[in-house]
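*Asks:* here you go, sequence then predicted model.
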Amino acid sequence: MLQEALGIRPHILVLNKMDLADPHQQPKVLEQLKQEGCSNVVFTDCQRDGNVRKIVPLVAKLVSNSPRYQRAENVEYCIMVIGVPNMGKSSLINSLRRLHLKKGKATAVGGEPGITKAVLTRIQVCEKPLIYLVDTPGVLPPKLEDVETGMKLALCGAIRDHLVGEDIMADYLLYTLNKHQQFRYVQRYGLAEACDDIERVLKHVALTLGKTRKVKVLTGTGNVNVTTLDYSAAAYEFIRAFRAGHLGRVTLD
């Protein structure tokens with residue numbers, strides 16, 4: 001849909017959060033994208049500004065090679081940033097400002113979808129050449145292809161956790177980690193070995209992190225408060241650990 005809308009306009013595909021992805025998958029991803037007709041691809045990491053410095057020279061090159069955009073005497077580029085929620089669009093803008101203008105944050109960021117709620121004003125990110133970026137709210141197709149695609153997007157934080165359910169997401173995450181042979185969770189949460197029983201894993205997560213809650217139990221002699229393990233909180237922490245890269249570098253697709 002985006003390729004159709006962009007048409008002949010110069011555009012770059014920025015694959016952010018490369019620090020969380022499997023580095024061995026990068027050549028395969030690039031090859032797949034090339035077959036789909038997408039040649040201008042940049043992997044970035046906005047936490048450390050890794051590869052972000054490649055974007056401005058590439059933008060200048062693509063625009064200068066496009067005769068359609070060489071009519072104005074005063075050259076300034078106004079570029080829109082489009083992408084799915086929580087993929088670091090605002091972080092990318094802030095990273096570019098840090099690199100090229102030595103300025104601080106210009107747009108709010110957060111570890112959940114929906115931080116950017118409207119199309120903001122132009123934000124300058126570079127002086128030479130003069131480049132402005134426009135941040136936009138994250139967009140998703142109105143209908144996802146299948147349930148698994150939805151689960152992958154949810155694990156990446158593109159869909160709010162409570163809409164899917166932390167327990168279901170944690171179960172799918174455990175399946176994914178085992179499939180990719182990423183067993184860092186075993187040592188992190190004190191398991192004897194890798195397993196595919198999410199309840200057992202969440203029990204160890206709750207015990208390791210001290211996630212408990214008080215539950216009121218009705219008995220024949222009255223109400224009794226009992227402390228039990230909080231599996232919901234454990235599932236939330238398990239997912240957060242994955243998103244922070246503590247459970248290994250995984251490319252879901």
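*Replies:* On my side now, so go ahead. Being a predicted model, the structure only gives us computed values, none of them experimental. Numbers count the residues shown, from 1 in each chain.

*Asks:* can you check the pLDDT for the residue nearest to the spatial centre of the chain?
*Replies:* Closest residue to the average C-alpha location of the chain: residue 87 at 3.8 Å, with Cα atoms, centre = their mean. At residue 87, the pLDDT value in this model is 87.

*Asks:* cool, the one 4 residues further on as well?
*Replies:* Listed pLDDT for residue 91 reads 86.

*Asks:* circling back to that earlier point, what's the nearest residue to the residue nearest to the centre of the chain if we skip its chain neighbours?
*Replies:* Counting by Cβ to Cβ, 6 or more residues apart in numbering, residue 16 is the residue found nearest to residue 87 once chain neighbours are left out, at 5.5 Å. For the C-beta atoms, the positions are set from N, CA and C on the backbone; glycine is no exception.

*Asks:* touching, that neighbour and residue 92? I think so.
*Replies:* Yes: contact between residue 16 and residue 92 holds when scored by Cβ atoms under 8 Å: they sit 6.4 Å apart.

*Asks:* need the overlap of contacts for the two.
*Replies:* Counting by Cβ atoms under 8 Å, 6 or more residues apart in numbering, the common neighbours of residue 16 and residue 92 are 44, 46.

*Asks:* could I get the full set of helices for the stretch 151-253 of the chain?
*Replies:* Counting by DSSP state H, counting those that start in this stretch, the stretch 151-253 of the chain forms helices over residues 161-164, 166-179, 184-188, 198-209, 231-243, given from the N-terminal end onward.

*Asks:* now the ones you listed as CSV including mean neighbour count, mean pLDDT and distance to residue 77?
*Replies:* Output for the helices of the stretch 151-253 of the chain, formatted as CSV (neighbours: other Cβ atoms under 10 Å; pLDDT from 0 to 100; distance: least, Cβ to Cβ, whole Å):
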stretch, mean neighbour count, mean pLDDT, distance to residue 77
helix 161-164, 13, 88, 37
helix 166-179, 19, 95, 39
helix 184-188, 16, 94, 42
helix 198-209, 19, 94, 47
helix 231-243, 21, 95, 32
